[in-house]
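A.B. asks: Predicted model, plus sequence, below.
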Amino acid sequence: MENAVDAMKMAFAMLVFVTALSLAMYSFTMVRQTSAQIAQGADVKEYYDRLTLDETQSSALAASSRVVGVETVIPSLYRYYKENYTVVFYRGTGYDESTGKFASIEPMVLYYTETDSNYLKNSSLLSGSRGVYGFDIQDEQVRSEPWSASEATDFSFIRAFINGTTTDKYYTSRTTSNSGRNSFSNDNDGLGPYYTIDFGSSNNELRGLIGKNYRFIERNGEYNYNNVLSSSGDEDNPDYDIDSSITGSVDILDNGEIVNKRNQTTKRVIQYILIV
């Protein structure tokens, strides 16, 4: 009799355990499904619009943005190729934290391009004749930059920028600099002439990001575009061209990177304004 009672107790305990385990698994499944539905239903573009500035506001207004450090900037740079968005940098002086305004904002040159002059006419990220103030893989492919051929070579390029290194070699048929900023070597490694990029040659503030305490104003938005990239010529000397049209009504900073309307193809853009 006692054995039968003990057996019933054990059976009941096992039933309670199985029921509790099943309930827990059901709860976790429901939570996962609910989270997936919420994530799927949310339009991330709404968050871009929320930070887009109104056309009636001053071009130097950054009140609707946030202050970030290099720990936020670095992941954005490593993702811009794969996720196909634009990252642009500016230098802002006289920042007033109470009002969110700068005394002035201007594009900040990150490096100088050595590409052929014929490739520059369709680039939208140039400050001056050869200074580049942002990262956009389509823009870099239009300029036929050597690192834009693949995600792996672009990763190496961004890593060099983040670390502030000038050792990555880009082989070329030329032995002199178009920009007068980067370093050229005449086949001293046996593989042909090459050049290395001198990051931050005009603004030493950004010579590397690792371990720095830079502060940036981050602004997210998107712009409308209709780009068709084409090439002609032979394999060794391709001639890239791009048919671009930016649509919208808002001109933020310069070049109209951010607009409010999304009536055509859109692309995300992140602005980082260095507080100096």
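C.D. replies: Nice, I can see it.
A.B. asks: from here on, contacts and neighbour counts on C-alpha atoms
C.D. replies: Fine.
A.B. asks: Start and end of stretch 127-141, how far apart?
C.D. replies: For stretch 127-141, the first-to-last residue distance is 18 Å (CA to CA, to the nearest Å).
A.B. asks: Quick check: buried residues in it?
C.D. replies: By 16 or more other CA atoms under 10 Å, the buried positions in stretch 127-141 come out as 127, 130-141.
A.B. asks: quick one: contacts for residue 187?
C.D. replies: Neighbour list for residue 187: 193-194 [criterion: CA atoms under 8 Å, 6 or more residues apart in numbering].
A.B. asks: about what we covered before: keep only those of the buried residues of stretch 127-141 that are in strands.
C.D. replies: The strands, defined by DSSP state E, take in 127, 131-132, 134-135 from the buried residues of stretch 127-141.
A.B. asks: and the residues you listed as CSV, adding distance to residue 221 and pLDDT?
C.D. replies: As requested, these are exported to CSV (distance: CA to CA, whole Å; pLDDT from 0 to 100):
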residue, distance to residue 221, pLDDT
127, 21, 88
131, 23, 92
132, 20, 93
134, 15, 93
135, 15, 95
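A.B. asks: Going by distance to residue 185, which of these wins?
C.D. replies: Ranked by distance to residue 185 (CA to CA), these are led by residue 131 at 21.1 Å.
A.B. asks: residue contacts, the closest one?
C.D. replies: So residue 131 contacts 109-113 (CA under 8 Å, 6+ apart).
A.B. asks: Excluding sequence neighbours, find me the nearest residue to residue 92.
C.D. replies: Nearest non-adjacent residue to residue 92, counting by CA to CA, 6 or more residues apart in numbering: residue 105, 4.4 Å away.
A.B. asks: which residues of the protein fall in strands?
C.D. replies: For the chain, the strands defined by DSSP E occupy 66-68, 86-93, 104-107, 111-112, 126-127, 131-132, 134-135, 170-171, 183-185, 194-196, 216-224, 228-232, 239-243, 266-275.
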